[in-house]
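Asker: I would like the atomic coordinates for the input below:
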Amino acid sequence: MTPRAVQPTVRRALDAWETLTKPLYWLYEGRLERSVQRGSLPKHIGLIMDGNRRFARSVGLDVAAGHDYGAGKAREVLEWCFDLGIRHVTLWGFSSDNRGRAETEVSHLHSLFARQARSMIEDPKIHKNRVRVRVIGDVKDFPDDVRAALREVEAATAGYGERQLNVAIGYGGREEIVAAVQNLLREQAVGAKSLAELAQKVTVDEIERHLYTAGSPDPDFIIRTSGEVRLSGFLLWQAAYSEYYFCDAFWPSFRRVDFLRALRSFQARERRFGR
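Answerer: All right, here's what the predicted structure looks like:
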């Protein structure tokens, strides 16, 4: 969706800066992309999209506008991933802890999620790339119309398998693990098994089968924007062997050159998986 109008003086300053720097970044970006394409790319990227509110304040906008800009950036970065052949992407847009924010902000986010879901249903790029969209997290307390929109985009893309987008909203890593174990126990409790027998069923493989992301490979690479250096509960189970990259840019300001730099950093690392 198109973000709300930026204040004229701010817009002029942003436009002037872009005009001055665009040629240099274009050349640098092209060189970076050629280098990155020659290396091994992640199969699954996780993105912690942090900094929407701070971005908005830094350019004189309200918090709602920051989230609108962040939604637009998410669609842009998704295209970057698929253009490079990265088939699995998980975007974290709303944590279980974010429910405690101001009611007006949470309400705006709910509305934004519904609009983005309906937009993806109509987006030819989603269908051309055969992107399966899955909502991961606990959305039981979301408004009915928002949950309906999320179900609709999942249904509209359920038959696709070329690429996958996990949208993490109402998501918390601890809550995901608890839910996986609870669902596993409920499933195995059929037939009145003893506690000892149930305990034997609680294995790594069985828990993974009940995670929100079941069917997706674990993320190779996790990027967090805004300068914060922590996971905050993102994909706690799945990220055991992920590589991390922390970028200072606020999420709406995250540029393609920043993304390519992150991928270059990933390619320079030796992954040992504990060996």
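
Asker: residue contacts, the most centrally placed residue in the chain?
Answerer: By Cα atoms, centre = their mean, the chain has its centre lying nearest to Leu91, at 0.7 Å. Contact analysis of Leu91 by Cβ atoms under 8 Å, 6 or more residues apart in numbering lists Leu47, Met49, Ala74, Leu78, Leu165, Asn166, Val167, Ala168. (Glycine included, C-beta is placed from N, CA and C.)

Asker: can you say which of the residues you listed are buried?
Answerer: Leu47, Met49, Ala74, Leu78, Leu165, Asn166, Val167, Ala168 (16 or more other Cβ atoms under 10 Å).

Asker: need the per-residue pLDDT for the third one.
Answerer: On the pLDDT scale, Ala74 is placed at 98.

Asker: go on, the first one?
Answerer: According to the per-residue confidence, Leu47 scores 98 in pLDDT.

Asker: report pLDDT for Asp15.
Answerer: 64.

Asker: which stretches of the stretch 51-200 of the chain form strands?
Answerer: 88-95, 131-136, 163-171 (DSSP state E, counting those that start in this stretch).

Asker: can the ones you listed go into CSV with extra columns for distance to His108 and mean pLDDT?
Answerer: CSV is the format used below for the strands of the stretch 51-200 of the chain (distance: least, Cβ to Cβ, whole Å; pLDDT from 0 to 100):
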stretch, distance to His108, mean pLDDT
strand 88-95, 11, 97
strand 131-136, 18, 98
strand 163-171, 13, 98
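
Asker: mind listing what the nearest residue to Gly227 once chain neighbours are set aside touches?
Answerer: Closest residue to Gly227 apart from its sequence neighbours, by Cβ to Cβ, 6 or more residues apart in numbering: Asp248 at 4.5 Å. By Cβ under 8 Å, 6+ apart, the contact set of Asp248 is Thr225, Ser226, Gly227.

Asker: now the buried members of those.
Answerer: Buried among the contacts of Asp248 by 16+ other Cβ under 10 Å: Thr225, Ser226.

Asker: could you list which of the contacts of Asp248 belong to strands?
Answerer: Using DSSP state E, no member of the contacts of Asp248 falls in strands.

Asker: between the contacts of Asp248, which is nearest Thr104?
Answerer: Ser226 (21.8 Å; Cβ to Cβ).

Asker: do I have it right that the closest one meets Pro252?
Answerer: No. Ser226 is beyond contact range of Pro252, at 10.0 Å (criterion: Cβ atoms under 8 Å).

Asker: shared neighbours, the two?
Answerer: Gly51.

Asker: which sections of this structure are below the confidence cut-off?
Answerer: 1-24, 192 (pLDDT under 70).

Asker: how about the helices in it?
Answerer: 8-37, 52-58, 63-83, 103-122, 124-128, 144-157, 173-188, 195-201, 204-209, 256-267 (DSSP state H).

Asker: between those helices, which gets nearest to Gly137?
Answerer: helix 173-188 (7.9 Å).

Asker: enumerate the positions of that closest one that are buried.
Answerer: Buried-residue list, helix 173-188, by 16+ other Cβ under 10 Å: Gly173, Glu175, Glu176, Ile177, Ala179, Ala180, Leu184, Leu185, Gln188.

Asker: now do it against strand 163-171, angle only.
Answerer: 100 degrees (axes from the mean of the first three to the mean of the last three Cα atoms, to 10 degrees).
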